[in-house]
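Asker: Generate a structure from the sequence data that follows.
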Amino acid sequence: MTNTALSIQNELVELPDALQSSPPPTLSVQARQSFQEGITHLQSGEAAQAVAALSRCIEHAPDFTDAHVFLGMAQALTYNIYPAIDQLETAARLDEHSFAAHFLMAQLSFKLRTPQKGYDAAKRALHCVKTIEQRKMLTELLREERQREHNGIARPWFNKPFSLPVLLLFGSALAALIIAVVTHIH
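Answerer: Residues are numbered from 1 along each chain as shown. A predicted model of the protein is given here:
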């Protein structure tokens, strides 16, 4: 495993108080035990075991937002990126006021170098901030991303559609190329 992968893994395993959670009393015993087991595995760096335990928790309590959040985190740590994104999106859909879901989605998006998705998730996380620690975490994440952008190579965001003149120019060039190839063949 590379140093970068290790640093990403170690950074995500830390569970600040702002992301800590305890299961609600209405959860079944099986769901509660699986959740606690998953959190314990996650904190000890055993992401694969955390995925198994948190998946069992979701089987027993499919609407438990925090289980989806931490399962997404565990899946990201095991490099299952698309399932991680799916779990974080599910958590955000179940509880649109979940700071953890939006914050971790922003963090993951920035790590994957999809800044527009990261900024969108960070904006949603900002609306969910309830504590000063959460605000500090979000501020630090945004500061790090802006610093990375400032020091990095400018990359296109691909979030603006082409204008009509550009499309006409490319279409004309493509038509000319096709005509040239057809006349060259004959």
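
Asker: hmm, who's touching the longest helix belonging to the chain?
Answerer: Secondary structure assigned by DSSP state H gives helix 164-185 as the longest helix of the chain. For helix 164-185, contacts defined as Cβ atoms under 8 Å, 6 or more residues apart in numbering pick out Phe162. The way it works is simple: take the backbone N, C-alpha and C, and place the C-beta from them, glycine included.

Asker: The residue nearest the centre of the chain: what's it in contact with?
Answerer: Central residue of the chain (Cα atoms, centre = their mean): Met105, 3.0 Å from the mean position. By Cβ under 8 Å, 6+ apart, the residues touching Met105 are 85, 88-89, 92, 117-118, 121, 125.

Asker: From Phe110, how far out is Met73?
Answerer: The gap separating Met73 from Phe110 is 15 Å, by Cβ to Cβ, to the nearest Å.

Asker: and His150, how many residues sit next to it?
Answerer: 7 (other Cβ atoms under 10 Å).

Asker: can you pick the most crowded of the contacts of Met105?
Answerer: Greatest neighbour count in the contacts of Met105, by other Cβ under 10 Å, goes to Leu88: 29 neighbours.

Asker: for that one, helix, strand, or coil?
Answerer: Recorded secondary structure, Leu88: helix (DSSP: H, G, I helix; E, B strand; the rest coil).
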